[in-house]
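Colleague: build me a structure from this.
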Amino acid sequence: MKFNELDAKMRVYETAHDHCVLPGLYIIARLDGRGFTQLTREVHPFEAPFDEKFRDLMILSVEHLMHCGLKVIYGYTQSDEISLLFDIAESAFNRKLRKLNSVLAGEASAKFSLILGTVAGFDCRISQLPTIEIVVDYFRWRQADAHRNALNSHSYWCLRKDGKTARQATARLERLSVADKNELLFQHGINFNHVPNWHKRGVGLYWESYQKPGLNPLTGETTEAMRKRIRQELNLPMKDEYSQFIRDLLREISPS
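Modeller: I've put the predicted structure just below:
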């Protein structure tokens with residue numbers, strides 16, 4: 001059998017289950033750290049419940065993904081997860097799901113491993129969203145999850161510092177309401193309203209334009225050129241203000 005015939009025959013098996021994101025749908029990729037509980041508590045212990053060094057590792061990983069050849073217009077990270085919103089016209093890999101999932105998971109895993117100095121892995125899944133409002137709902141959902149995780153994490157570690165085992169602390173938290181958890185923190189000298197916003201709301205990254213001074217080599221005159229850079233936002237708005245933040249970002253990128 002000639003190579004061309006063999007190649008055509010075998011590619012049927014490789015591509016039989018290819019699925020592509022339809023044109024006109026927004027693509028959001030969500031990446032989650034694989035086995036990060038053990039990684040961040042045993043292999044590389046970070047400060048609990050939140051550590052700025054770990055936060056910065058996640059931010060650097062998001063920035064890498066925003067520079068790796070795909071048109072990402074907004075990146076969001078909280079805990080060990082990353083969400084990426086692509087330009088609606090992104091056509092890389094013909095919008096094939098398996099390619100997007102594998103490339104993004106591989107890029108995130110490689111970058112995080114290199115800067116941490118230990119092998120770490122991410123998985124990836126793709127959401128296909130039809131409207132701006134559902135995109136807004138997605139990011140509202142992830143931010144609400146960040147708020148819930150922050151309250152639970154601070155409460156959990158208060159109990160652990162009181163001498164409770166992991167099982168005892170988890171069981172105690174299951175019986176507490178949101179108000180009870182806030183009261184628990186207050187009894188330990190923590191006002192949850194005063195916890196850093198990035199704990200509760202996550203971190204957003206997006207492109208901004210700026211003027212970069214330069215020099216015309218022919219005339220010697222100073223010039224200014226418009227460039228783009230990634231802005232990190234550690235004090236994201238919340239609730240309706242966050243919704244408007246996402247809408248404005250989308251309309252700025254895609255005014256139509």
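Colleague: quick one: average confidence on the one helix or strand Glu14 maps to?
Modeller: Remark: Glu14 resides in helix 3-15, with elements defined by DSSP states H and E. Across helix 3-15, the average pLDDT comes to 84.
Colleague: so what secondary structure elements neighbour that helix?
Modeller: The contact analysis (3 or more Cβ pairs under 8 Å, 6 or more residues apart in numbering; DSSP states H and E) places helix 3-15 against no helix or strand. In this view, the C-beta of every residue, glycine as well, is placed from N, C-alpha and C.
Colleague: now do the buried residues in the helix or strand just after it.
Modeller: Under the assignment DSSP H and E, the closest C-terminal helix or strand after helix 3-15 is strand 26-34. Within strand 26-34, the residues scored as buried using 16 or more other Cβ atoms under 10 Å are Tyr26, Ile27, Ile28, Ala29, Arg30, Leu31, Asp32, Gly33.
Colleague: what segments of the stretch 1-150 of the chain are strands?
Modeller: Per DSSP state E, counting those that start in this stretch, the stretch 1-150 of the chain carries strands over the ranges 26-34, 72-78, 81-86, 121-129.
Colleague: and these as a markdown table, adding mean pLDDT?
Modeller: Below are the strands of the stretch 1-150 of the chain laid out as a markdown table (pLDDT from 0 to 100):
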| stretch | mean pLDDT |
| --- | --- |
| strand 26-34 | 98 |
| strand 72-78 | 98 |
| strand 81-86 | 98 |
| strand 121-129 | 98 |
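Colleague: please name whichever of those is nearest to His188.
Modeller: His188 lies closest to strand 72-78 among these, at 22.8 Å (Cβ to Cβ).
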